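Novice: Can you look at this prediction? I've put the sequence above it.
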Amino acid sequence: MSIRQWKAAVVQSEPVWFDKEATLEKTKNFILEAAANGAALIAFPEVWIPGYPNFVWTGNFNENQPLVQKYMKNSITAYGPEIVSLRKMAKANNIFVGIGFSERENSSLYLAQMLISNEGEVLLHRRKLKPTHVERTIYGEATGDSLINVVETKLGRIGMLNCWEHLQPLLKFNTYAQGEQVHIACWPYDSGLAWSQLASKMHALEGGTFVLSTNQITTEDGFKLNTEGQTSPLGNYQNGIGGGRSVIYGPNGLPLTEPTNELFDGLIYANIDLDSIINPKMTADPIGHYSRPDLMRLLIDDRPKSTVFKVSEEATSLHQKPIPLTNTHKTFAEIIASESL
């Protein structure tokens, strides 16, 4: 049974930089706080665990090597104890959790997002399609299954994108076309240009969706940790102190929350009413009555890809047909059963 009215919480906070255990504890505390305040869903920023690697923008390759090694060691798998513990927290507190994390698969990292239900199930697991600019010195790219980024839940159809994916028109259109009603916009931080707010506002206005825009902050101590070993950190204009501009937008593009101080560290709440989507959609539905599919259409390839493809008869089904990320997770019941063995 769907719930039409509910409360959302978005995080504006500083992670415990490049410390997965400490950031995980902070994550759990936020989940407890949000649930105690009646939130049905909580949204965390891009690569919240173990924090966004700001150092890639401010230092050079040689300077950053120790930070990169530390970052890789504190990145997590999508199937390890950290995610399992978050799934348990979601179920125990009857809350949906949208989380961004640096996903480690073998020796590669990905900017990953996951939506966990209030029953502890993984509803959505995707990766950023194209890391932005110097992010590509650390992170790999996703395959087609990460185009499937909207999922049906009892809170409505919830979608997710990372950071500058909100500046890719075709990717946004693909998201709208999946019938998105509530969008989780995961950002690392915001600059003085407030582009996270501008892009999130536009997503709400174009798509006629609620947008939960969440980002990290950087304190003076945090900036020191992000530039450790760098002789002359560059890019301070976008990686300096502050950066917190988390906000929740309604489907008409208007903010539902009050502005906060850039260094505010905590949760921001707003009430979601899915019925209020009707009026904006009556005016402009970009994938319905306000579209021209006879003139313009989007072609996508949402198949997962594998680096190994076996053509022999003995090939496993995994290699013959790669499985979408979301479908690779055990159910909550399977996790509990395996722990009891």
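Specialist: Received, thanks.
Novice: give me every residue that touches Thr209.
Specialist: The neighbourhood of Thr209, defined by Cβ atoms under 8 Å, 6 or more residues apart in numbering, consists of Gly159, Tyr176, Glu180, Gln181, Val182, His183, His203, Pro251, Ile277. For every residue, glycine as well, the C-beta is placed using N, CA and C.
Novice: Does Met114 lie in a helix or a strand, and which?
Specialist: In this assignment (DSSP states H and E), Met114 forms part of strand 108-116.
Novice: Centre of the chain to that strand, how far?
Specialist: A distance of 7 Å separates the C-alpha centroid of strand 108-116 from that of its chain, computed with Cα atoms, centre = their mean, to the nearest Å.
Novice: Which secondary structure elements does that strand sit against?
Specialist: Contacts of strand 108-116 with other secondary structure elements, assessed using 3 or more Cβ pairs under 8 Å, 6 or more residues apart in numbering; DSSP states H and E, are made with helix 81-92, strand 96-105, strand 122-127, strand 156-162, strand 182-186.
Novice: and the nearest residue to Ala142 once chain neighbours are set aside, how far is that from Lys305?
Specialist: With Cβ to Cβ, 6 or more residues apart in numbering as the criterion, Ala142 has its nearest non-adjacent residue at 3.7 Å, and that residue is Arg127. Computed as Cβ to Cβ, to the nearest Å, the Arg127 to Lys305 distance reads 12 Å.
Novice: More neighbours: those two, which one.
Specialist: Neighbours per residue (other Cβ atoms under 10 Å) separate Arg127 from Lys305, with Arg127 holding more: 22 against 11.
Novice: Just list whatever residues bridge to that one.
Specialist: The residues paired with Arg127 through beta bridges, assigned by DSSP bridges, are Ala112.
Novice: Now do the lengthiest helix in the chain, average pLDDT.
Specialist: What stands out as the longest helix in the chain, according to DSSP state H, is helix 20-36. Summarised as a single mean, pLDDT over helix 20-36 is 98.
Novice: next one: stretch 298-306
Specialist: Summarised as a single mean, pLDDT over stretch 298-306 is 93.
Novice: Then stretch 162-181?
Specialist: Stretch 162-181 shows an average pLDDT of 97 in the prediction.
Novice: Show me what that stretch is in contact with.
Specialist: Outside stretch 162-181, the residues within contact range by Cβ under 8 Å, 6+ apart are 46, 100, 111, 113, 128-130, 132, 147-150, 156-159, 161, 183, 185-188, 196, 199-200, 202-203, 206-207, 209-210, 274, 277, 286-287, 298, 300.
Novice: can you check stretch 77-90 too?
Specialist: Under the contact criterion Cβ under 8 Å, 6+ apart, stretch 77-90 has outside partners 20, 24, 27-28, 31-32, 49, 76, 96-97, 99, 101, 103-105, 112, 114, 116-122, 125, 325, 328-330, 332, 335.
Novice: thinking again about what came up before, and the residue nearest to Ala142, what does it touch?
Specialist: Glu103, Tyr110, Leu111, Ala112, Gln113, Gly140, Glu141, Ala142, Ser146, Leu325.
Novice: Just the buried residues of those residues.
Specialist: Glu103, Tyr110, Leu111, Ala112, Gln113, Gly140, Ala142, Ser146, Leu325 (16 or more other Cβ atoms under 10 Å).
Novice: picking that back up, and the buried ones among the contacts of stretch 162-181, selectable in PyMOL?
Specialist: Only the buried entries of the contacts of stretch 162-181 go into this PyMOL selection, using 16+ other Cβ under 10 Å:
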select buried, resi 46+100+111+113+128+129+130+147+148+149+150+156+157+158+159+161+183+185+186+187+188+196+199+200+202+203+206+207+209+210+274+277+287
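Novice: Check which helices and strands the host helix or strand of Ser196 sits against.
Specialist: Element membership for Ser196 (DSSP H and E) is helix 195-207. In terms of contacts (3+ Cβ pairs under 8 Å, 6+ apart), helix 195-207 is packed against helix 169-176, strand 182-186, strand 210-216, strand 247-249.
Novice: mind checking which of these is nearest Glu228?
Specialist: Ranking the helices and strands packed on helix 195-207 by their distance to Glu228 (criterion: Cβ to Cβ) puts strand 210-216 first, at 17.4 Å.
Novice: okay, Ile272: pLDDT?
Specialist: At Ile272 the predicted local confidence, pLDDT, stands at 98.
Novice: Show me how far the helix or strand containing it is from its chain's centre.
Specialist: Ile272 belongs to strand 266-273 when elements are defined using DSSP H and E. For strand 266-273, the distance from its own C-alpha centre to the chain's C-alpha centre is 17 Å (Cα atoms, centre = their mean).
Novice: which residues touch the very next helix or strand once past that strand?
Specialist: Beyond strand 266-273 in the direction of the C-terminus, DSSP H and E gives the next helix or strand as helix 278-283. With Cβ under 8 Å, 6+ apart as the test, helix 278-283 has contacts from Leu205, Gly208, Pro251, Asn252, Gly288.
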